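# Take a look and give me a structure for this.
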Amino acid sequence: MTSQEIPSDIALLAGPPLLGHLFNYGLFGILSAQVYSYYNAFPTDPVSLKAFVYGLYAVEWVQVILISHDAFQVYGAGWGDLNALTSPQWLWFDIPIMSALVSATVQCFFAWRIFILSNSRILPPFIVLPQIALMQCGAGVATGVITGPALNNNALIQEKAKNALIVWLGGSAACDIIIAVSMCFLLARQRQGLASDKLISRLITLSVETGSVTASFAALDLIFCLAFKHNNLHMLPAFMLSKLYTNSLMLVFNNRTKLRQMHDEALPTPRAGHVSQRWATSSERTRSRGGGFPSQEISLSKLSRSSPGSHELGAHRAADGFEADVELRKPRITGSTQVRAWGPGVLL
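Numbering: from 1, shown residues only. Coordinates of the predicted model:
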């Protein structure tokens with residue numbers, strides 16, 4: 001074997017990809033635990049939601065397999081070979097292309113979530129978010145195509161695909177920021193000085209945390225790409241991007257357990273002469289024939305026309321996780337003792 005001169009920046013060429021692989025494996029372990037928790041906690045979720053969750057998990061499995069192949073080629077079979085270290089292997093596909101597809105899917109889901117919460121088809125974030133998500137997805141795919149198998153040096157990625165990288169990572173960060181701000185605005189409007197405000201505060205905190213994490217890593221990846229063009233420092237956050245998006249999504253899904261507990265604690269204790277509310281548990285929820293949305297029964301006992309509870313009921317908006325973002329309107333008393341409120345199935 002011919003001897004090769006070790007470059008002075010070998011640590012910045014070999015270190016970031018190695019750490020990226022390790023963090024990717026760690027995040028995949030966390031994601032696997034979250035998917036298992038989802039499987040046990042929400043067996044009655046619609047088939048479409050289960051397919052969405054398990055489909056993203058399958059994509060992450062494929063990415064782990066591909067990056068494991070790349071890691072073995074560099075740090076195993078190609079150990080000591082600088083050509084193997086600088087070769088892109090399958091990174092042109094499993095990082096920009098797969099990460100862009102996963103992030104765009106998650107961002108479009110949150111755009112749908114904002115649309116349901118706002119109940120408006122002309123809300124600017126709902127119109128802009130899918131466009132930004134698809135734009136950054138296209139730029140991510142373009143980055144992968146430009147830096148495909150024909151490129152034999154990772155250090156040339158930033159130069160060859162500079163414009164595509166800016167659109168991909170910058171658009172992804174901008175989309176995450178808009179999602180976080182929109183969710184905070186929509187949820188803050190629901191504050192009414194009631195016990196449920198604690199629940200709304202938790203939802204706002206969760207939206208800020210998940211949006212800021214993904215936006216920060218996308219921005220960090222872009223900064224490293226532009227500032228350090230001749231090393232692999234940018235690969236450290238790049239390896240983590242898709243797993244951060246799927247973990248953020250699963251955190252929102254699984255957070256329903258805590259939200260339902262907080263919601264049940266915030267409900268008032270029924271008394272004679274007041275409205276008595278009974279919220280169905282996940283095992284008791286039934287589906288409507290058309291939309292498949294669950295319902296909650298609100299029993300009205302001894303409700304008089306002058307009861308203050310009837311006015312408060314019309315302004316109360318409860319958030320019971322995914323299946324029960326239910327607006328309880330003022331009931332019409334027609335002799336029946338039950339009113340059904342149908343939830344639109346929005347994931348809080």
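# For the rest of this, base every contact and every neighbour count on C-alpha atoms.
Noted.
# Number of residues surrounding residue 100?
27 (other C-alpha atoms under 10 Å).
# so what does the helix or strand hosting residue 244 touch, helix or strand wise?
Per DSSP states H and E, residue 244 falls inside helix 241-254. Helix 241-254 is packed against helix 10-41, helix 47-72, helix 98-118, helix 197-227, with contacts defined by 3 or more C-alpha pairs under 8 Å, 6 or more residues apart in numbering; DSSP states H and E.
# looking at this structure, which helix or strand is least sure?
strand 338-342 (a mean of 30; mean pLDDT, DSSP states H and E).
# Do I have it right that residue 114 meets residue 181?
No - between residue 114 and residue 181 there is no contact under C-alpha atoms under 8 Å: 10.7 Å.
# When those two are compared, which one has more neighbours?
residue 114 (24 against 15).
# low-scoring pLDDT stretches of this protein, where are they?
Where the chain drops to pLDDT under 70, the residues are 1-4, 120-126, 149-155, 190-197, 261-348.
# give me that answer again for 80
Along the chain, segments meeting pLDDT under 80 span 1-5, 7-8, 80, 83, 86-88, 117-127, 148-157, 186-203, 258-348.
# how's it carved up into domains?
By the assignment in automatic domain parsing, the chain contains the domains 10-254, 269-342.
# ok, back up a step: so which of the helices and strands packed on helix 241-254 is the most packed in?
helix 98-118 (a mean of 21; mean count of other C-alpha atoms under 10 Å).
# Any buried residues in the following helix or strand past that one, and which?
Next helix or strand after helix 98-118 toward the C-terminus (DSSP H and E): helix 124-146. By 16 or more other C-alpha atoms under 10 Å, the buried positions in helix 124-146 come out as 125-126, 129-146.
# Flag every buried residue along the next helix or strand after helix 124-146.
Counting by DSSP H and E, the next helix or strand C-terminal to helix 124-146 is helix 157-160. Within helix 157-160, the residues scored as buried using 16+ other C-alpha under 10 Å are 157-158.
# Return helix 157-160 as CSV; C-alpha atoms alone will do.
Written as CSV, here are the backbone C-alpha positions of helix 157-160 (Å, rounded to 0.1, in the frame of the first residue of the first chain):
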residue,chain,number,x,y,z
ILE,A,157,-20.3,19.7,-1.9
GLN,A,158,-20.5,23.3,-0.6
GLU,A,159,-19.0,24.8,-3.8
LYS,A,160,-21.0,22.7,-6.3
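# tell me what the helix or strand following that helix is packed against?
Scanning forward in sequence from helix 157-160 by DSSP H and E, the next helix or strand is helix 162-188. When contacts are defined as 3+ C-alpha pairs under 8 Å, 6+ apart, helix 162-188 sits against helix 98-118, helix 124-146, helix 197-227.
# between helix 162-188 and helix 197-227, how big is the angle?
170 degrees (axes from the mean of the first three to the mean of the last three C-alpha atoms, to 10 degrees).
# got the angle between helix 162-188 and helix 241-254?
Using the same axes, to 10 degrees: helix 162-188 against helix 241-254 is 10 degrees.
# Tell me which residues of helix 162-188 come out buried.
Buried, per 16+ other C-alpha under 10 Å, within helix 162-188: 162, 164-180, 182-184, 187.
# Now do that helix against helix 124-146, angle only.
Using the same axes, to 10 degrees: helix 162-188 against helix 124-146 is 150 degrees.
# Quick one: residues in contact with stretch 214-221.
Stretch 214-221 is contacted by residues 169-170, 172-174, 176-177, 234-238, 241, 244-245 when judged by C-alpha atoms under 8 Å, 6 or more residues apart in numbering.
# Residue 94: which of those is nearest?
Taking C-alpha to C-alpha as the measure, residue 94 sits nearest to residue 238 out of the contacts of stretch 214-221, at 10.3 Å.
# Tell me how many other residues surround the closest one.
Count around residue 238 with other C-alpha under 10 Å applied: 24.
# now it: how far from residue 135?
Plainly put, residue 238 is 18 Å away from residue 135 if you go by C-alpha to C-alpha, to the nearest Å.
# same thing with residue 40?
36 Å.
# Then residue 144?
For residue 144, the distance to residue 135 - C-alpha to C-alpha - is 14 Å.
# can you check residue 203 too?
28 Å.
# repeat for residue 176
13 Å.
# for residue 77, same thing?
Residue 77 is 38 Å from residue 135, by C-alpha to C-alpha.
# Ok, residue 174 next?
11 Å.
# Overlap in contacts, those two.
By C-alpha under 8 Å, 6+ apart, no residue touches both residue 174 and residue 135.
# quick check, residue 88 in a helix?
No - secondary structure of residue 88 (DSSP: H, G, I helix; E, B strand; the rest coil): coil, not part of a helix.
# What is the burial count for it?
Neighbours around residue 88, by other C-alpha under 10 Å: 22.
# got a list of what the closest residue to residue 247 other than its chain neighbours touches?
Ranked by C-alpha to C-alpha, 6 or more residues apart in numbering and with sequence neighbours excluded, the top spatial neighbour of residue 247 is residue 31, at 5.6 Å. Neighbour list for residue 31: 57, 243, 246-247, 250 [criterion: C-alpha under 8 Å, 6+ apart].
# Considering the residues you listed, which possesses the most neighbours?
residue 243 (28 neighbours).
# which residues are contacting stretch 223-236?
9, 12-14, 16-17, 19-20, 154-156, 158-159, 162, 220-222.
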